[in-house]
Each structure stands twice: as structure tokens, then as C-alpha cells.
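S.K.: sequence and computational prediction follow.
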Number of protein chains: 2
Amino acid sequence: MQKILTALCDSTRRAALAILWDGGEHCVCELMDRLGASQSRMSRHMKVLREAGLVLDRRDAQWVRYRRNPDLAPEFAAVVTAVLAAEHHTELETT
Amino acid sequence: MQKILTALCDSTRRAALAILWDGGEHCVCELMDRLGASQSRMSRHMKVLREAGLVLDRRDAQWVRYRRNPDLAPEFAAVVTAVLAAEHHTELETT
DNA sequence: TGCGCATATGCGCATATATTTATATATGCA
DNA sequence: TGCATATATAAATATATGCGCATATGCGCA
């Protein structure tokens, strides 16, 4: 629980989760580009998400592809979904 | 959003929220006792919750009574509820 | 084997956050 | 007014977090 909330407490990590949450696979370089984050920064953030159990990674040739962890306990998945939904909601208001 | 997640990122604050989330009013001294927190610590934690918009306070004689903010936007209330539910769930597992 | 791309990590710095101690403020009551 | 209770806050300190830079590692390809 604590690790998950800590992971959710950073906007770059939430943005990465928002991209991954559809279930697709995305490599670190794609996330870097889309979020405008430096390489080391992106890598570290993904490590936090991985260690919180929110995402899984898989090496594919020279890339590492991240994806949502499908085995995340439902009550934790609900937290992530609620946070992403709330953020999406407020973004729409701000725009 | 950021303030709400920061507020949720501390176990003492989550425990206080769990007590307040039923809608009742509770003074700081009660929260101190129930959570085993020192006075200044409890006061600061409640300030974080208040500034995140999660709770409201009201002075009643020499006490300050805190309660859940009923006007919290539903998408944020959903986040809090999901977090408290997840925590409650894991507590049951651990016990 | 050597090179280049993709990713991870150690290190140091700056900033944020939490905690304790001490003190200040507000209220009720004698 | 003076004291007790309840709460807030300031100062000092410890700890955590995020970041960039440099470097290491893994992989494909020539």
C-alpha cells in the first residue's frame, strides 16, 4: 500500500501509468519521448512503478517493454484507476 | 490532485481519514489518543488533510472538531474511498 | 570483436517532508 | 484575572525524494 501510494505521488509516474494502463506494451524510449523526461529519470521512475508491483517489464532485443501488471490485486488496481480518472477529470477542467 | 496524494501518502493521515470518513466529527485529542500520535504531530497531519481539502474543521469551545469534507469533488472522494478500502482489505489479510 | 543504441545505476546536490521540543494562542471556569 | 485544557505553530534536525551527470550493462549488427 505505502509503495503504491508513493509511486502514485509523482506526476511523471502517473503519466506513465496513464499510458500503460490500457494494457499495451511501451518501451522506455517511447515513454521518455512522450513525457519529455530524461533517460535516467524515466528509468528510475519505472523502477519505482515496478517495485510497487504496478507494472511488469520484459526485455525485447535492446528494448525493455513495460506493461500494466495484470495480476495486481483488484483493490489496488481500483486505487490506480481512481487516481488516473481523477487526474483525467481535472485535466479536462483545466483545459 | 498532488496535494491529495501527498496527504494520502502517510499512514497516520490515512488512519485519521479512516476515522473521519464515516461522516462523524472527532476532535484532535481523540485522534491523538486513538492513533497514538503526539499533539503537534497530529495537529500538523490534520493541517495537511485540511489543506488538501479532504477535511473541514470547526471550533467547538476549547476543541477543534474535524470532519470529512462533504463538498469534496466526487472523483477525489472516490480516490480516498478506494485507498481506504484497499488498506482495510490488506489489514484483514495480514491479521 | 568492436561499435552504437537502449536501459540501469552510483554519486552528489538541492529540496521537501516528518518529527521533537518549546512556545504561542484560544477557550472555559473559578 | 489566573489557571487548566485543547490546539496551532516556529525552530532545529533528521530523513527522504527527485534530478542530472557520468558510467556500466545488455543487445544487435557489421
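M.R.: Cool, got the structure.
S.K.: from now on I want contacts and neighbour counts done on CA atoms only, so please keep to that.
M.R.: Fine.
S.K.: got a list of contacts for the helix of greatest length in chain A?
M.R.: Assignment by DSSP state H gives helix A:74-94 as the longest helix of chain A. The contact list for helix A:74-94 (C-alpha atoms under 8 Å, 6 or more residues apart in numbering or on different chains) reads A:1, A:4, A:8, A:14, A:18, B:1, B:75-76, B:78-79, B:82-83, B:85-86, B:89.
S.K.: which of those residues lies closest to DNA strand C?
M.R.: Nearest to DNA strand C among these: B:M1, at 12.1 Å, using C-alpha to the nearest atom of the strand.
S.K.: what about that closest one, how many neighbours?
M.R.: Other residues lying near B:M1 total 15 when counted by other C-alpha atoms under 10 Å in any protein chain shown.
S.K.: residue ranges with poor pLDDT in chain A?
M.R.: For chain A, residues meeting the criterion pLDDT under 70 lie at A:94-95.
S.K.: list the contacts of the most centrally placed residue in chain A.
M.R.: Chain A has A:L17 as the residue nearest its centroid, 2.4 Å off, counting by C-alpha atoms, centre = their mean. Residues near A:L17 by C-alpha under 8 Å, 6+ apart: A:R68.
S.K.: can you tell me the element it falls in?
M.R.: Element membership of A:L17, judged by DSSP states H and E, is helix A:11-20.
S.K.: can you give me the angle that helix makes with helix A:74-94?
M.R.: 100 degrees (axes from the mean of the first three to the mean of the last three C-alpha atoms, to 10 degrees).
S.K.: for helix A:11-20, list the C-alpha coordinates in PDB.
M.R.: Extracted in PDB, the C-alpha atoms of helix A:11-20 (Å, rounded to 0.1, in the frame of the first residue of the first chain):
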ATOM      1  CA  SER A  11       3.100  13.200 -11.800                       C
ATOM      2  CA  THR A  12       5.600  11.700 -14.200                       C
ATOM      3  CA  ARG A  13       4.900   8.300 -12.900                       C
ATOM      4  CA  ARG A  14       1.200   8.900 -13.100                       C
ATOM      5  CA  ALA A  15       1.600  10.000 -16.700                       C
ATOM      6  CA  ALA A  16       3.500   6.800 -17.400                       C
ATOM      7  CA  LEU A  17       0.800   4.700 -15.800                       C
ATOM      8  CA  ALA A  18      -1.900   6.500 -17.800                       C
ATOM      9  CA  ILE A  19      -0.100   5.400 -20.900                       C
ATOM     10  CA  LEU A  20       0.400   1.800 -19.700                       C
END
